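> For reference, the sequence and a predicted model appear below.
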Amino acid sequence: MRGLLGFDRMVTPAIVRVLYLLGLLGVIAMAGAALYQGQYLPAFVALVFGAVAVRIFSELFIVLFRIHDSLVSINQQMKDRNSSGL
């Protein structure tokens with residue numbers, strides 16, 4: 001709990017996963033609405049490209065947070081190195 005309140009632990013990657021699922025459900029709903037109207041090609045295009053776009057944006061956010069974690073780790077290693085007198 002302390003890590004969460006002290007911003008030591010990131011909760012955003014979990015939120016990104018939830019938003020990915022919601023985005024995917026939105027894409028499926030949009031494709032379903034297009035199918036209901038008899039627009040088969042737009043439904044297929046929306047389903048394929050929409051799912052890929054949602055996945056790409058989600059992965060970009062996850063990569064940003066992994067970069068952040070790596071930078072925090074490097075920063076901690078540098079602090080440890082400087083405090084040990086090397």
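Arrived safely, thanks for sending.

> How far off centre is the helix or strand where residue 49 lies?
In this structure, residue 49 sits in helix 40-84 according to DSSP states H and E. On the basis of Cα atoms, centre = their mean, to the nearest Å, helix 40-84 sits 6 Å off its chain's mean C-alpha point.

> low-scoring pLDDT stretches of the protein, where are they?
1-10, 85-86 (pLDDT under 70).

> Need the residue closest to the centroid of it.
Note on the chain: the residue nearest the mean C-alpha position is residue 58, at 3.4 Å, using Cα atoms, centre = their mean.

> For that residue, give me its contacts.
Counting by Cβ atoms under 8 Å, 6 or more residues apart in numbering, residue 58 makes contact with 16, 17, 19, 20, 23. Glycine gets a C-beta too; all of them are placed from N, C-alpha and C.

> Generate CSV for those residues, with secondary structure and neighbour count as supplementary columns.
Shown next, in CSV, are the contacts of residue 58 (DSSP: H, G, I helix; E, B strand; the rest coil; neighbours: other Cβ atoms under 10 Å):
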residue, secondary structure, neighbour count
16, helix, 18
17, helix, 13
19, helix, 15
20, helix, 17
23, helix, 17
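
> okay, these in JSON lines with distance to residue 35 next?
Below are those laid out as JSON lines (distance: Cβ to Cβ, whole Å):
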{"residue": "16", "distance to residue 35": "28"}
{"residue": "17", "distance to residue 35": "27"}
{"residue": "19", "distance to residue 35": "24"}
{"residue": "20", "distance to residue 35": "23"}
{"residue": "23", "distance to residue 35": "19"}
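
> Kindly indicate which of those residues lies nearest residue 51.
Relative to residue 51, the closest of those is residue 23; by Cβ to Cβ it sits at 8.7 Å.

> Assess the claim that that closest one and residue 54 are in contact.
Yes. Counting by Cβ atoms under 8 Å, residue 23 touches residue 54, with 3.9 Å between them.

> Check the contact between residue 13 and residue 63; I expect there is one.
No. If you go by Cβ under 8 Å, residue 13 and residue 63 don't touch, sitting 10.4 Å apart.
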